[in-house]
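*Asks:* Following is a predicted model, sequence given first.
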Amino acid sequence: MAAGVQFPYPRKTSDSSASYPQQRSSPSRFSIKKLASYTLGIAALVWLVLWLFRSPATTSVVAPLGTPPVVIVTTIPPGLSEKHKAIIKENRLDYAKRHGYGTFFPNTTDYELAPGTPSTWSQVPALRHAMTLYPYTEWMWFLSSTALIMDPTKSLYTEILDPRKIESLMIVDRPVVPPDSVIKTFSHLKGERVKFILTQDKDGLADESMLIQTGDWAKFFLDGWYDPLYRSYNFQKAQRHALEHMVQWHGTVLAKMVLIGQRLMNGYAGEAPGAGQDGQYQSGDFVVNCFGCASDPKRSCDEEMAPYVKTWREATKQ
Amino acid sequence: MSLDRSPSPQRSGGWSSPGLTTPYDNGTSVSRSRGPSPSKRYGDLGNGGVTWASAKQSSARVNGYPSYQSRNQGFFSRHMRTLSQSLPIFSHGGQDERFAEKEKLGRGRTGRFSLMELPRRIGLLLSRRRRFTALLLGFLLLTLVWFSKPFSYAWRRNVGGGSKFVIILGANQGGGVMEWKGAREWAIERDSVKNKKKYAAEWGYDLEIIDMVTKKRYAHEWRESWEKVDAIRNTMKKYPDAEWFWWLDLNTFIMEPKISLQKHIFNNLAKNTYRDINRYNPLQIQHPPKGASAAGGDLGNYLDPDSLSAVGDGKPESINLIVPQDCTGFNLGSFFVRRSAWTDRLLDVWWDPVFYEQKHMDWEHKEQDALEYLYTNQPWVREHVAFVEQRKINAFPPGACGEDRGIPKGGCRALKIGDPLLECGVSGVHYQEKERDFFVNMAGCEWGRDCWGEIYNYRQLSNKLNRNPWEKFKDWISDTWNGHFHPKKDESQKT
């Protein structure tokens, strides 16, 4: 830079310009210096980038190819008619095949519940079991054996699970147990943080159709729900009341839970009592649930489901 | 403050500043005095105008010197020239270049300056004669800085990771509500708190002292002693950058304050803790957990591999709770808990009304039993719990948990495979002076033992063990002297 400077007065020495050629006379040394500084700078930059974007200590696990994104879990009570069992299995398998989901149909008697514990409790270990069988699957969908998927074209991801979608669907500030529980669902919850999606009927939380994101939280939630002291407590409605108890007493559960409209995945059939507000199944809805048909001796699941099965078969033909 | 005219220089030098002084042309000589601050004006008013400052100023006026000097004030302005001349001038390259640089000199000396030449320049600065002295001085200065309290504190806290640890001390147990708090109780509290304060200050940790006064809030819900959980949660909120929280009961004493937690445990978490409950299992907890496996075993145990594994995922990073086990099970007199989502969940479910309603008659040790219960029955807990040898962070006084079995001759290091373990290893419970155990917990001393006597003895012992060489020398002198010449006096002092 200094080489081009014009001086206003003559220099003291006659051959002052000699200094510049002298400097240029050692180009090798100069370039080595330059090279060294550039190398250092680049190395520092690379290190900085690596440091900034280094992966956290727990490396994220990449799911192997072919892992179903959702696994549908339905526990089968031994008391169901063979016809009913066949239909609900076919119903879920057909739906799963369309979307690349997995299915899991354990019997309610597969799990050692403590003596005297209602067999409906087995849905909790069944979910835990499904998580072991499908370790890389993201979501588990528990669907009761009395429910039927009516619209097999609807994808769970586009209809419910997408974070933006769930944000638009979530019911906020709703008492967890109607009508007047002091514990209400969170008013602000990011879609990404939701790990537990279910619906509410007239009496409370409806555990007949629920979505649980797998992972550490799910382990905690299911193990906690399945605790022997809950099972032995004789909750009036077994695991259902235990769930309501957990949600109301433990903030770490409530903070991950989201309620959505009942008809989105748990519309009650016309014969079933206890549907929540706007909770009755209407033609075109995703799921119908003949809620309570198996436990009520006066009702027959086969009869109640027959018209829905017919409609569903027509839908699958299209 | 508004100026009705712009400030102008005054005849005697300086500037008039309205609001601080009276206007320039305003009568008496007293009010002509002006200073940098209005405080002088008070002096003027109070003493009828004769203060040292005003007198000095008026004499300065008589002498004809300006009262306000902007030059030649202060050491640097007077000696700047001499100082700057004595500084070395960095010449760049050969002699000839100096002339080329001349043009630049006027615009600040920013010649070509590279860091690579720095050592050479420093070398030039120090003439050979001065070099040795300078080195010595520099070394001395560094040593001083290194050993200075504030520096070592800041270093240990920020560089050594001390800010990642918080000690939580549950003090004021009961708060004198349930029983009278006497002089001994106060003394215990004072000693214990002082011990932890010193330790925290030594290593740059934070210390949070929790007032465990009996609260109606907890009594109402049958959950006295669950305030431990609330205290940990509040402390986590208070120290958002800390990672590990060390809970301590009051009747405890850190015996080796010169050992940091990092060195003692956390630098090698995998080696200093064990996760397999089967290694030492006084509660006979079944592992792997029986996940109420499928009837007939055709589905096997349905839990995932990590839950079935005796060591979780085996990585030290996944440890979130470090608990010692005494001869009867978990002991929560001294334990570590790490900030994590898992910990939030554990603290959340630790107390549950349904559990408590069914178990409060059985759970004599309340939150300790509840933790044992959760560990046994909820598989998600196990994956993140590690155990630590009791004597490492929670040694008991002899006899607190069965007989003190002692250690083999030559210490635990001399132990061979097949020898009886005695008080060594995972099953060791009681404090061993020869092994210089880190921590002692006078657990259960409030039931029929002398808490104050125990804590006093351990304090004395800790002081004695951690004397520096000079103190040892002094003690040796005085001991020898007393032993030779005043054996009786020594005895009388003791009694």
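*Replies:* Here it is on my side, so go on.
*Asks:* where does chain B have low pLDDT?
*Replies:* Counting by pLDDT under 70, the ranges of chain B that qualify are B:1-52, B:55-74, B:76-78, B:86, B:88-113, B:125-129, B:173-180, B:214-225, B:290-300, B:486-495.
*Asks:* now the strands for it?
*Replies:* Remark: strands assigned in chain B by DSSP state E are B:165-174, B:206-213, B:244-248, B:252-254, B:273-274, B:321-326, B:329-330, B:334-338, B:385-388, B:439-441.
*Asks:* Could you say which of those strands is packed most deeply?
*Replies:* Burial of these is given as mean neighbour count (mean count of other C-beta atoms under 10 Å in any protein chain shown); strand B:439-441 ranks first at a mean of 26. (Glycine included, C-beta is placed from N, CA and C.)
*Asks:* Residues in contact with that strand: which ones?
*Replies:* Outside strand B:439-441, the residues that touch it by C-beta atoms under 8 Å, 6 or more residues apart in numbering or on different chains are B:249, B:251-256, B:331, B:333-334, B:392-397, B:431, B:458.
*Asks:* What's the ChimeraX line that selects buried ones from those residues?
*Replies:* Only the buried entries of the contacts of strand B:439-441 go into this ChimeraX selection, using 16 or more other C-beta atoms under 10 Å in any protein chain shown:
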select /B:249,251,252,253,254,255,331,333,334,392,393,394,395,396,397,431,458
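*Asks:* element containing the residue of chain A found nearest chain B?
*Replies:* Here the residue of chain A nearest chain B is A:H129; by C-beta to the nearest C-beta that distance is 3.7 Å. Using DSSP states H and E, A:H129 falls within helix A:123-133.
*Asks:* Tell me how far the residue nearest to B:E372 when sequence neighbours are not counted lies from chain A.
*Replies:* In space, and not counting its chain neighbours, B:E372 is closest to B:F330: 5.3 Å by C-beta to C-beta, 6 or more residues apart in numbering or on different chains. B:F330 sits 18 Å away from chain A, taking C-beta to the nearest C-beta, to the nearest Å as the criterion.
*Asks:* count of neighbours near residue 315?
*Replies:* Assuming you mean chain A. A:A315 has 15 neighbours, counted by other C-beta atoms under 10 Å in any protein chain shown.
*Asks:* Oops, wrong one, chain B.
*Replies:* If you count neighbours by other C-beta under 10 Å, B:K315 ends up with 12.
*Asks:* What segments of chain A are strands?
*Replies:* Taking DSSP E as the criterion, chain A carries its strands at A:70-73, A:102-104, A:139-143, A:147-149, A:196-200, A:205-213, A:257-259, A:267-268, A:287-289.
*Asks:* Turn the ones you listed into JSON lines, including distance to A:S232 and mean pLDDT.
*Replies:* Output for these, formatted as JSON lines (distance: least, C-beta to C-beta, whole Å; pLDDT from 0 to 100):
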{"stretch": "strand A:70-73", "distance to A:S232": "24", "mean pLDDT": "95"}
{"stretch": "strand A:102-104", "distance to A:S232": "27", "mean pLDDT": "94"}
{"stretch": "strand A:139-143", "distance to A:S232": "23", "mean pLDDT": "95"}
{"stretch": "strand A:147-149", "distance to A:S232": "28", "mean pLDDT": "93"}
{"stretch": "strand A:196-200", "distance to A:S232": "24", "mean pLDDT": "94"}
{"stretch": "strand A:205-213", "distance to A:S232": "19", "mean pLDDT": "93"}
{"stretch": "strand A:257-259", "distance to A:S232": "24", "mean pLDDT": "94"}
{"stretch": "strand A:267-268", "distance to A:S232": "30", "mean pLDDT": "91"}
{"stretch": "strand A:287-289", "distance to A:S232": "28", "mean pLDDT": "92"}
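*Asks:* Rebuild those as CSV, extending it with distance to chain B and mean neighbour count.
*Replies:* Listed next are the strands of chain A as CSV, based on distance: least, C-beta to the nearest C-beta, whole Å; neighbours: other C-beta atoms under 10 Å in any protein chain shown:
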stretch, distance to chain B, mean neighbour count
strand A:70-73, 12, 24
strand A:102-104, 11, 20
strand A:139-143, 13, 24
strand A:147-149, 23, 25
strand A:196-200, 13, 23
strand A:205-213, 13, 23
strand A:257-259, 14, 22
strand A:267-268, 29, 27
strand A:287-289, 26, 27
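*Asks:* will you turn the ones you listed into CSV that also has distance to B:K198?
*Replies:* Output for the strands of chain A, formatted as CSV (distance: least, C-beta to C-beta, whole Å):
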stretch, distance to B:K198
strand A:70-73, 56
strand A:102-104, 58
strand A:139-143, 52
strand A:147-149, 65
strand A:196-200, 47
strand A:205-213, 47
strand A:257-259, 47
strand A:267-268, 67
strand A:287-289, 65
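*Asks:* B:G312: which of the ones you listed is closest?
*Replies:* strand A:205-213 (20.9 Å; C-beta to C-beta).
*Asks:* buried stuff in stretch B:271-290?
*Replies:* Those would be B:N272, B:T273, B:Y274, B:R275, B:I277, B:Y280, B:I285, B:H287, B:P288, B:P289, for stretch B:271-290 by 16+ other C-beta under 10 Å.
*Asks:* from those residues, which is closest to chain A?
*Replies:* Nearest to chain A among those is B:P289, at 9.2 Å by C-beta to the nearest C-beta.
*Asks:* Run a quick check on the closest one versus B:P379, I expect a contact.
*Replies:* Yes: at 4.5 Å, B:P289 counts as touching B:P379 under the criterion of C-beta atoms under 8 Å.
*Asks:* What is the burial count for residue 233?
*Replies:* Using chain A. When neighbours are counted by other C-beta under 10 Å, A:Y233 registers 16.
*Asks:* Wait, chain B was what I had in mind.
*Replies:* B:R233 has 16 neighbouring residues, counting by other C-beta under 10 Å.
*Asks:* gap between it and chain A?
*Replies:* The value you get for B:R233 to chain A, if C-beta to the nearest C-beta is used, is 11 Å.
*Asks:* show me what contacts that residue?
*Replies:* B:L347.
*Asks:* Next: B:G162.
*Replies:* B:G162 makes contact with B:R156, B:W203, B:G204, B:Y205, B:S260, according to C-beta under 8 Å, 6+ apart.
*Asks:* Kindly report the same for B:R382.
*Replies:* Applying C-beta under 8 Å, 6+ apart, we find B:R382 in contact with B:I277, B:H287, B:P289, B:S307, B:G312, B:Y375.
*Asks:* before we move on, what about A:F104?
*Replies:* A:F104 neighbours (C-beta under 8 Å, 6+ apart): A:V71, A:I72, A:V73, A:T74, A:A126, A:H129, A:A130, A:L133, A:Y134.
*Asks:* what about the closest residue to B:N320 other than its chain neighbours, neighbour count?
*Replies:* The shortest distance from B:N320 to any non-neighbouring residue, by C-beta to C-beta, 6+ apart, is to B:H384 (4.1 Å). B:H384 has 20 neighbouring residues, counting by other C-beta under 10 Å.
*Asks:* ditto for A:R313
*Replies:* Counted by other C-beta under 10 Å, the residues lying close to A:R313 total 13.
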